[in-house]
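> Show me how the following folds:
(chains A and B)
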Amino acid sequence: MQAFDYFAPTSVDQAIAMLAQHKGRGVPLAGGTDLLPQLKNKLATPAALIDLKKLSSLRGISYDASSGLRIGAMTTHSDILANRDIAGHYPVLSQAAGTIGSVQVRNRGTVGGNLCHAVPSADMAPPLIALGATAVIQGSAGQRELLLEDFFTGPNQTVLKDDELLVALKVPPAAQRSAAIFLKHGVRKAMEIAIVCVASCVSFQDGVCAGARITLGAVAPTPLRARQAESLLSGKALTQDLAAQAGTAAAQEARPITDMRGSIEYRRAIVQALTSRTLMQAAALAR
Amino acid sequence: MKHNITLIVNEKSYTLEVDSQRTLLDVLRRDLSLTGTKEGCGMGDCGTCTVLLEGRPVNSCLTLAVEADGQHIQTIEGVAQNGVLHPIQQAFIDHGAIQCGFCTPGMVLSTKALLESNPHPTELEVRTAIAGNLCRCTGYDKIVKAIMSVNP
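Residues are numbered from 1 along each chain as shown, chains lettered A, B, ... in the order given. Purely as a prediction, here's the structure:
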């Protein structure tokens, strides 16, 4: 690796001041499981790494039935897997965190790092977007919040300015009679980058679908809401036929590319299947 | 940029001067001559560089030495005590779970962390725990059997 400076600030304000001072040449270091390979491959050549691991306010999970869930950006995937509130109220997040890398990667890798690297296949993005999560961002100009689905602007690109940090994710309380499911398709079960991943969150009222959020991963430059598919569902009973139609609509909305992991046609077929499956499994769970 | 750091490796404290960009793996092998920790892919995929950082398995190739300042690290050299193999190491030998041996240090450390938090794992839990440790010799079956046989 080429030489860089390393700083480990002890407060968020200090970290932001360091980022501002480095004007884009300072890169935040979270778990390092994405960043270190980038440094080794010279895909990133920062002047300095600003290590966030001493910022204890950025790590941890809190839950309250009225306000929902808050996950600090420096919370590791292992922390998410071990959390009872998440397992009980937002199991779709455990499903996704459990598919990331290996134990070693999950012990270091963080939810904030997964989102901020903004690879189109980032596993935590679809379930968080399907749950309606908000990103809490802090910078020199203060704090702002935006929907996580508006956070990504392209492969490896987000709305974050040079002097801004993602500090937390907020997830609203789950609606009555709602459930969410995440499914990922890859060649292996571990150490796998998604060929396609899909998260669907569905809520029901009087036996019909009252709302749905379907989010696709690895099939567009950013995580993608399948809005056509979602609109097919509202006000209708969620049957196998309807789920299959929604899958077909989602496959049309997807904008995949052909690469070493799969072709455009293959990815569309998988989007169809996974969308339909996540919907049926979520419906079964919500009843 | 140089940093003065302290690493507590196998319960022994080392004070070192390291450059920012040096990995924990590199410092363990070159500066401390603890060559039991192996370098395979160098990208966090193969798990041969696994060490326990504050008791948890991590890829030392993806950890900067400076990030580990002040922390406890266990390497394969710290697993046997007073010349007596750890029950996990003995089980690997007894079950023929070692062939070339390159993955073994990482496998043993991942297993140690698993059994400390979950002394009686299911086969699925064992396979999940070692999913980040690649073995190209044994086909995993003997490794899984060895791990399942350990009674901590």
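> can we go C-alpha only for contacts and neighbour counts from here?
Will do.
> what's the helix or strand for residue A:63?
When elements are assigned from DSSP states H and E, residue A:63 belongs to strand A:61-64.
> per-residue confidence for residue B:152?
With respect to pLDDT, residue B:152 scores 64.
> how many neighbours does residue 72 have?
Reading this off chain A. 22 (other CA atoms under 10 Å in any protein chain shown).
> my bad, the chain I had in mind was chain B
Neighbourhood size, residue B:72 [other CA under 10 Å]: 18.
> For the residue in the stretch 101-250 of chain A that chain B sits nearest to, grab phi and psi.
Chain B sits closest to residue A:104 of the stretch 101-250 of chain A, with a gap of 4.2 Å, by CA to the nearest CA. Torsion angles at residue A:104 (phi, psi; degrees, to the nearest 10) stand at phi -60, psi -40.
> can you map out the helices along the stretch 151-287 of chain A?
For the stretch 151-287 of chain A, helices defined by DSSP state H, counting those that start in this stretch occupy the ranges A:227-233, A:240-253, A:264-286.
> Adding distance to residue A:210, mean pLDDT and mean neighbour count, write those helices out as TSV.
Putting these into TSV (distance: least, CA to CA, whole Å; pLDDT from 0 to 100; neighbours: other CA atoms under 10 Å in any protein chain shown) gives the following:
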stretch	distance to residue A:210	mean pLDDT	mean neighbour count
helix A:227-233	8	98	19
helix A:240-253	14	98	21
helix A:264-286	12	97	21
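> would you list these in CSV and tack on distance to residue A:164?
Putting those into CSV (distance: least, CA to CA, whole Å) gives the following:
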stretch, distance to residue A:164
helix A:227-233, 30
helix A:240-253, 32
helix A:264-286, 34
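> Can you add distance to chain B and give the ones you listed back as TSV?
Below are the helices of the stretch 151-287 of chain A laid out as TSV (distance: least, CA to the nearest CA, whole Å):
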stretch	distance to chain B
helix A:227-233	34
helix A:240-253	31
helix A:264-286	23
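> of the ones you listed, which approaches residue B:57 most closely?
helix A:264-286 (32.2 Å; CA to CA).
> residue contacts, residue A:190?
Applying CA atoms under 8 Å, 6 or more residues apart in numbering or on different chains, we find residue A:190 in contact with A:99, A:100, A:101, A:102, B:128, B:131, B:132.
> Please repeat the previous calculation with a cut-off of 7 Å.
Residue A:190 makes contact with A:99, A:101, A:102, B:131, according to CA atoms under 7 Å, 6 or more residues apart in numbering or on different chains.
> circling back: what separation do you get for the residue of the stretch 101-250 of chain A closest to chain B and residue A:98?
12 Å (CA to CA, to the nearest Å).
> Comparing those two, which residue is more hemmed in?
Each of residue A:104 and residue A:98 has its neighbours counted (other CA under 10 Å); residue A:104 has more, 28 against 19.
> ok, back up a step: close enough to count as contact, the residue of the stretch 101-250 of chain A closest to chain B and residue B:60?
No. Shown here, residue A:104 and residue B:60 do not form a contact pair, counting by CA atoms under 7 Å, at 9.3 Å.
> Up against chain A, what does chain B have?
Contact residues (CA under 7 Å from any CA of the partner chain) of chain B with chain A: B:1, B:20-21, B:43, B:45, B:57-59, B:62-63, B:129, B:131-132.
> Any chance of those in JSON lines with secondary structure as columns?
Output for these, formatted as JSON lines (DSSP: H, G, I helix; E, B strand; the rest coil):
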{"residue": "B:1", "secondary structure": "coil"}
{"residue": "B:20", "secondary structure": "coil"}
{"residue": "B:21", "secondary structure": "coil"}
{"residue": "B:43", "secondary structure": "coil"}
{"residue": "B:45", "secondary structure": "coil"}
{"residue": "B:57", "secondary structure": "strand"}
{"residue": "B:58", "secondary structure": "strand"}
{"residue": "B:59", "secondary structure": "strand"}
{"residue": "B:62", "secondary structure": "helix"}
{"residue": "B:63", "secondary structure": "coil"}
{"residue": "B:129", "secondary structure": "helix"}
{"residue": "B:131", "secondary structure": "coil"}
{"residue": "B:132", "secondary structure": "coil"}
